[in-house]
Each structure stands twice: as C-alpha cells, then as structure tokens.
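[1] the sequence isn't on hand, but the structure is:
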Ligand code: AMP
C-alpha cells in the first residue's frame, strides 16, 4: 500500500483540504508555497497518466474545485499545476498558489509551518471548497 493510500485510510495523519468518494486533497508536508496541496485518487494508481480516461477527467475537475478554494483562501495571482511523481508512486496533482514564476521552483528552500499553522491553512482552504 502506498503512503498516500495510508493517508486516505487515516492510518497516517494528513492536513485534509477536501474529499469526495473518489478523490482526496491534503497539504503537502514539505510545502514549496503556503497552501501547497496534493490532489490524489483514492484508488491506488502509480501516475496521473496511468489513470483511466473517466478517472483522469474527474480527477482534474476535482482538482479544479480545490484550486478555486485555494485561490479564495490564499492570496495569490494564479494556482499553478504540476505533476512529477518522482517520489511517491501514487498519482498526485500538485496545486501551488503563485505570485511569481519562482514560486513553482521545487529546488528552492521549502517552507516550514507549525502543526497549528498547517491546520489553519488546511481549514481556510476547506472552508472555501
Ligand atoms: P513527487 O512524487 O516527486 O511529486 O513528490 C511527492 C510529494 O509528496 C512531495 O512534495 C512530498 O513533500 C509530498 N509528501 C510525501 N509524503 C507526504 C505526506 N505524508 N504528507 C503530505 N505530503 C507528502
């Protein structure tokens, strides 16, 4: 089972942002930007482009709703979208609040938030979902 499946099952804690019967959104634990969110299918599938056509379409529509919630909750110009999947073999879409191009740079020092701050960020996005 992947680490993200364990998150979906509640075996590993996460800062949940939103979910429905097929998809789950939660804060990235090592954020590049405040509000950096991952959107995953509950079904275990390695990579976004391994998903069935109807699943990837629904995944993107769910991510769109999450992105609108991020935009409403976190001051930003746009919400950037990125797919890598180099570390975790469970499909995930990164959503990142953006002001500058550099806000998508995964090589820059990542941000640190306290547990309370992460809870507050997740709640602020969840409220707008
Ligand atoms: P990648 O597979 O290259 O897209 O990167 C995996 C992403 O998942 C990284 O940004 C990690 O910070 C994030 N990540 C890994 N484990 C967790 C976790 N337990 N909770 C939240 N995010 C995680």
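    All right, it came through fine. Not measured: the values here are computed from a predicted model.

[2] contacts and neighbour counts: CA atoms only from here.
    Noted.

[3] for the chain, what lies in contact range of the ligand?
    Residues of the chain that fall close to the ligand, judged by CA under 6 Å from any ligand atom: 14, 27, 28, 29, 30, 84, 85, 86, 87, 88.

[4] can you pull the contacts of the third one?
    With contacts defined as CA atoms under 8 Å, 6 or more residues apart in numbering, the neighbours of residue 28 are 36, 37, 38.

[5] mind running it again at 10 Å?
    Neighbour list for residue 28: 14-16, 34-39, 94-96, 118 [criterion: CA atoms under 10 Å, 6 or more residues apart in numbering].

[6] just the ones of those residues in helices?
    residue 118 (DSSP state H).

[7] which of the contacts of residue 28 sit farthest apart?
    Farthest pair in those (CA to CA) is 14 and 96. Separation: 17.3 Å.

[8] settle it for me: which of these two has more neighbours?
    Using other CA atoms under 10 Å as the criterion, residue 14 and residue 96 rank with residue 96 on top: 26 against 19.

[9] who is the more buried one paired with across the strands?
    Beta-bridge partners for residue 96, by DSSP bridges, are residue 80.

[10] is it true that residue 56 touches residue 41?
    Yes - because the distance of 8.9 Å satisfies CA atoms under 10 Å, residue 56 is recorded as touching residue 41.

[11] which residues are common contacts for these two?
    With CA under 10 Å, 6+ apart, residue 56 and residue 41 have common neighbours 48, 62, 91.

[12] these two touch, right, the second one and residue 17?
    No - counting by CA under 10 Å, residue 62 sits too far from residue 17 to count as a contact (11.8 Å).

[13] need the overlap of contacts for those two.
    Here residue 62 and residue 17 share the contacting residues 24, 25, 39, scored by CA under 10 Å, 6+ apart.

[14] what is the nearest of these to residue 69?
    For the shared contacts of residue 62 and residue 17, the nearest to residue 69 is residue 25 (11.3 Å; CA to CA).

[15] pretty sure the closest one sits in a strand.
    Yes - under DSSP: H, G, I helix; E, B strand; the rest coil, residue 25 sits within a strand.

[16] now do the contacts for it.
    By CA under 10 Å, 6+ apart, the neighbours of residue 25 are 8, 14-19, 37-42, 62-63, 66, 92-95, 122, 126.
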